[in-house]
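J.: Let's see this in three dimensions:
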Amino acid sequence: MIGYLRGRVLLLESEGCLLDVHGVGYRLILPSNLLSGLRIGQECAFYTHLQVREDAFTLFGFPDLAEYELFLLLLTVSGIGPKAAIAILSTLRPPALRQAIVLRDLKTITRVPGIGKKTAERLLLELGDKLSLGQAEATAGASLAAAPVPDAASPLAEAGQALESLGYDWREIKPVLDRLPQDEQQVGTLVRLALKELSRRL
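T.: The predicted structure follows:
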């Protein structure tokens, strides 16, 4: 399977680009926000997902591993295929999408063209716990060790790690954690409270 490509943009198309990799052209479908920043002749690299069907082989490209892994996670949701997952990532950047899922923000998810209420509800149901208490903690950033933090085993520390994995900087996380209920033991509750306050600052 083709998992990674580095080359030069040969042609820009409506849904993606043609990438020249040592004389071989690979047609990639890309999130529209990524596509809008490309130019012909640009050297770039993509993590890729190959969709194999009877009538076509389709490559989807992503600028970094985090977005690629989020794409794969979206594919685990019933009724969401590669095109729908690309549409979601074209509308919502990964931090905003993770935040919407953690907060069960149905309104934000239904902003995506082609994603109706039932599909959005299924997405939130199937991914909510995976991102708030699973993936977020598993992919936590390392910068927690660089600043004064709560005890590493505490729910507050775990909530801080989850917020960092959602794209927030520790300098904005720490003041919010300090104002949360210090006796709260549920990491998910702490994350949701922190996200609500961080959202008000946007």
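J.: Mind pulling up the pLDDT for the residue in the chain sticking out farthest from the centre?
T.: Computed with Cα atoms, centre = their mean, the residue of the chain farthest from its C-alpha average is residue 23, at 31.8 Å. For residue 23, the pLDDT comes out at 94.
J.: and it, backbone torsions?
T.: phi 90, psi 0 (degrees, to the nearest 10).
J.: Then residue 9?
T.: phi -70, psi 120.
J.: Number the residues from 161 up from this point.
T.: Sure, I'll start numbering at 161, so the last one becomes residue 169.
J.: Neighbours of it, how many?
T.: Applying other Cβ atoms under 10 Å, we find 17 residues neighbouring residue 169. C-beta: built from backbone N, CA, C; applies to glycine.
J.: Wait, it touches residue 195, no?
T.: No. Using Cβ atoms under 8 Å, residue 169 makes no contact with residue 195, being 10.0 Å away.
J.: shared neighbours of these two, anything?
T.: residue 177 (Cβ atoms under 8 Å, 6 or more residues apart in numbering).
J.: For the residue nearest the centre of the chain, what are phi and psi?
T.: Closest to where the C-alpha atoms of the chain average out (Cα atoms, centre = their mean) is residue 254, at 3.0 Å. Backbone geometry at residue 254, expressed as degrees, to the nearest 10, gives phi -50, psi -50.
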